[in-house]
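Engineer: what follows is a protein structure lacking sequence information:
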Ligand SMILES: Nc1ncnc2c1ncn2[C@@H]1O[C@H](COP(=O)(O)OP(=O)(O)OP(=O)(O)O)[C@@H](O)[C@H]1O
């Protein structure tokens, strides 16, 4: 149903995925353009996270195709797909998943260190991102010493540090109160817009979805564009 527009950065067509007898995706289509923020909504168990994991190249679908910048994501080798995820995608999950032994600065610098950047350059860039997310004074703290909202802002900084083309956020504010949730969303969307990053945002909260350009509703493993393409 979803036509693949020429401007699309990432598209999925007729995605199918089952876990044993459970059908998580039953022919889902999806498309996102560069710089676009799309909220993926829908009831619990409808297939939102599975869709996000397929789009991000983490979970292979049983059928259908994910195309990223003209390339079939699952036709790449595992090594190529991992490299692409590391270099071009960023991830934020419900519970920041920061490394507890590292400081906030080291956590944000980690993707750059893994990509081979020298420590000084990686940490200088990480400092910029911490400042953009308004948590620069937490640089030397460890994740266990900061609040949930602060930790999520550090996680957003880490997701953006490698200047990804797409950020995948799965319920990034799900563990926060609404004030902190809005703060994190506002900062995530502002930072993404500034750098032209596309954001795939899974959420069940309409207040969070209000930050998006477009909403897609997943129901029974199928995705439907709420308002048509922008
Ligand atoms: N690894 C897995 N093993 C078995 N079943 C799974 C697995 N992952 C998802 N499922 C099932 O697939 C269906 C879709 O799950 P998914 O997590 O994609 O939904 P969701 O819309 O993100 O749900 P929620 O909003 O509750 O997080 C559900 O019935 C779920 O139980």
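Structural biologist: Cool, got the structure. Values in this document were obtained by computation on a predicted structure and should not be read as measured data. Numbers count the residues shown, from 1 in each chain.
Engineer: which stretch of helix or strand covers residue 158?
Structural biologist: Assigned by DSSP states H and E, residue 158 belongs to helix 148-160.
Engineer: so what touches that helix?
Structural biologist: With C-beta atoms under 8 Å, 6 or more residues apart in numbering as the test, helix 148-160 has contacts from 90-93, 96-98, 104, 107-108, 110-111, 126, 129-130, 132-135, 138, 143, 146, 167, 169, 172-173, 175-177, 180-181, 183-184, 187-188, 191-192, 195, 197. Any C-beta I mention is one placed from the backbone N, CA and C, and that applies to glycine too.
Engineer: just the buried ones from those?
Structural biologist: When these are checked for burial by 16 or more other C-beta atoms under 10 Å, the buried set is 90-93, 96, 98, 104, 107-108, 110-111, 126, 129-130, 132-133, 135, 138, 143, 146, 167, 169, 172-173, 175-176, 180-181, 183-184, 187-188, 191-192, 197.
Engineer: quick one: residues contacting residue 200.
Structural biologist: Counting by C-beta under 8 Å, 6+ apart, residue 200 makes contact with 10, 32, 38, 40, 52, 55-56, 166-169.
Engineer: tell me the secondary structure of it, please.
Structural biologist: strand (DSSP: H, G, I helix; E, B strand; the rest coil).
Engineer: how close does it sit to the ligand?
Structural biologist: With distances taken as C-beta to the nearest ligand atom, to the nearest Å, residue 200 is found 13 Å from the ligand.
Engineer: need the helices for this structure, in chain order.
Structural biologist: With DSSP state H as the criterion, the chain has helices at 48-55, 78-88, 104-114, 119-132, 148-160, 178-195, 206-209.
Engineer: out of the ones you listed, flag the one nearest the ligand.
Structural biologist: The ligand sits nearest to helix 48-55 of all the helices of the chain, at 3.3 Å, using C-beta to the nearest ligand atom.
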